[in-house]
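In: next comes the sequence, and after it the predicted model I'd like to discuss.
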Amino acid sequence: MDDRHQPVLLRETIDAIAPQPDGIYADATAGYGGHSEAILEASAPSGRLLAMDRDAEAVEAVRKRLAAYGDRVTVLQGEFADLTRAAERVGAEFFDGVIADLGLSSPQLEDAQRGFSFAEPGPLDMRMDRSQGETAADLIARLDEAELAGILYRFAQERHSRAIARSIKRALQQGRLTHTTDLRRAVVRVLGPHRRGRIDPATRTFQALRIAVNRELDQLQALIDLLPELLADGGVAVIISFHSLEDRMVKQAFLHDRRLALLQRKPLTACEREKRENPRARSAKLRAARRVARADATEARL
Ligand SMILES: C[S@@+](CC[C@H](N)C(=O)[O-])C[C@H]1O[C@@H](n2cnc3c(N)ncnc32)[C@H](O)[C@@H]1O
């Protein structure tokens, strides 16, 4: 078993999707394969799975982990907008279930070289797909102070966004912004040191930059737009989100898209035990919706 990333709300995800041996499923955020493996197990002996991730390292890890399932699984590197093309590649017109467990995996967070955390100095990268796009350092250099403040406010509701943006830009101009720890220092200069029992003062800034670098909300919108036409009649979509901006988008889409019916009005959250054992689960919210049957062509003409 690959225990580098503990999947959140695993039982709830499998209960919602209810994988079947004649089904075909897509895991759009395969990560380290926890949810993917559970879908393959629950749909044994013949259920099929498309496992996708935009991160090349995750793709390699999940390919290894799921190799024993042979041709029941196809692992591809890609982002949400690539799902339609990926479905064609695996010969699926529709999926019986699609899951997306948003955000970062533990190995992404813990590897200082990826630039997502400030526990140790790492490059200011933050890209999930390191083969393309701007790094956090590029983004900070390109944006002016007001634009940077806008990102901190919009993506993390950072109340001190202007002062923090000023401090970051000043550090950059003075040649003092090379590592993640430098970025944290620029935030601490404004907000003061970490206080016990509180989240680290730099957490919100890192969250906002990561969302911007990876265009996470645009990605989620692309997924939301694609989902109804990716799902077979009666097929189920599960999205697990970790902050309110994402959860709001999922909630609105699942509530108002007439092609989808919410499985439960309130999001599912982790039980106390899971929260204790897996701190990532503390902020996880799971929403699930079922594809409403498409109108029969003859019926629609009558
Ligand atoms: C929380 S982890 C998923 C963990 C996985 N469910 C497991 O059990 O191991 C999120 C994963 O989604 C990937 N990801 C995030 N946004 C993505 C997107 N727009 N397209 C494809 N993959 C994405 C990340 O690279 C990361 O590997």
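Out: Everything's here; your move.

In: separation between the residue most central in space within the chain and the ligand?
Out: In the chain, the centroid-proximal residue (Cα atoms, centre = their mean) is residue 102; its distance is 1.9 Å. Taking Cβ to the nearest ligand atom, to the nearest Å as the criterion, residue 102 is separated from the ligand by 6 Å. C-beta here means a position set from N, CA and C on the backbone, and glycine is covered the same way.

In: strands along the stretch 51-200 of the chain, start to end?
Out: For the stretch 51-200 of the chain, applying DSSP state E, counting those that start in this stretch gives strands covering 73-77, 95-101.

In: which residues touch the residue in the stretch 201-302 of the chain that the ligand sits nearest to?
Out: Nearest residue of the stretch 201-302 of the chain to the ligand: residue 219, at 3.5 Å (Cβ to the nearest ligand atom). Residues near residue 219 by Cβ atoms under 8 Å, 6 or more residues apart in numbering: 79-81.

In: switch the cut-off to 7 Å
Out: 79-80 (Cβ atoms under 7 Å, 6 or more residues apart in numbering).

In: do the one 5 residues further on as well
Out: By Cβ under 7 Å, 6+ apart, residue 224 lies in contact with 249, 253.

In: one more time with 6 Å
Out: residue 253 (Cβ atoms under 6 Å, 6 or more residues apart in numbering).

In: identify the residues contacting stretch 131-145?
Out: Under the contact criterion Cβ under 6 Å, 6+ apart, stretch 131-145 has outside partners 124-127, 165-166, 169, 209, 213.

In: in it, what counts as buried?
Out: Across stretch 131-145, burial judged by 16 or more other Cβ atoms under 10 Å covers 134-137, 139-140, 143.

In: just those residues now: which is nearest residue 286?
Out: Using Cβ to Cβ, residue 136 is the member of the buried residues of stretch 131-145 that lies nearest residue 286, at 28.8 Å.

In: give me the below-cutoff pLDDT ranges for the stretch 151-300 of the chain.
Out: Scanning the stretch 151-300 of the chain for pLDDT under 70 picks out the ranges 296-300.

In: returning to that earlier point: just give the closest residue to the residue nearest to the centre of the chain, not the sequence neighbours.
Out: residue 241 (5.1 Å; Cβ to Cβ, 6 or more residues apart in numbering).

In: just the helices in this protein please.
Out: Here the chain has its helices, by DSSP state H, at 10-17, 34-42, 56-65, 83-89, 106-110, 136-142, 145-156, 161-173, 180-191, 203-213, 216-230, 244-256, 272-277, 297-301.

In: residue 264: which of those helices is closest?
Out: Across these, closest to residue 264 is helix 10-17 (Cβ to Cβ), at 8.7 Å.

In: show me the contacts for the residue nearest to residue 189 when sequence neighbours are not counted.
Out: Nearest non-adjacent residue to residue 189, counting by Cβ to Cβ, 6+ apart: residue 167, 5.0 Å away. Counting by Cβ under 6 Å, 6+ apart, residue 167 makes contact with 186, 189-190.

In: residues from the stretch 151-300 of the chain in reach of the ligand?
Out: Those residues of the stretch 151-300 of the chain that sit near the ligand, judged by Cβ under 6 Å from any ligand atom, are residue 219.
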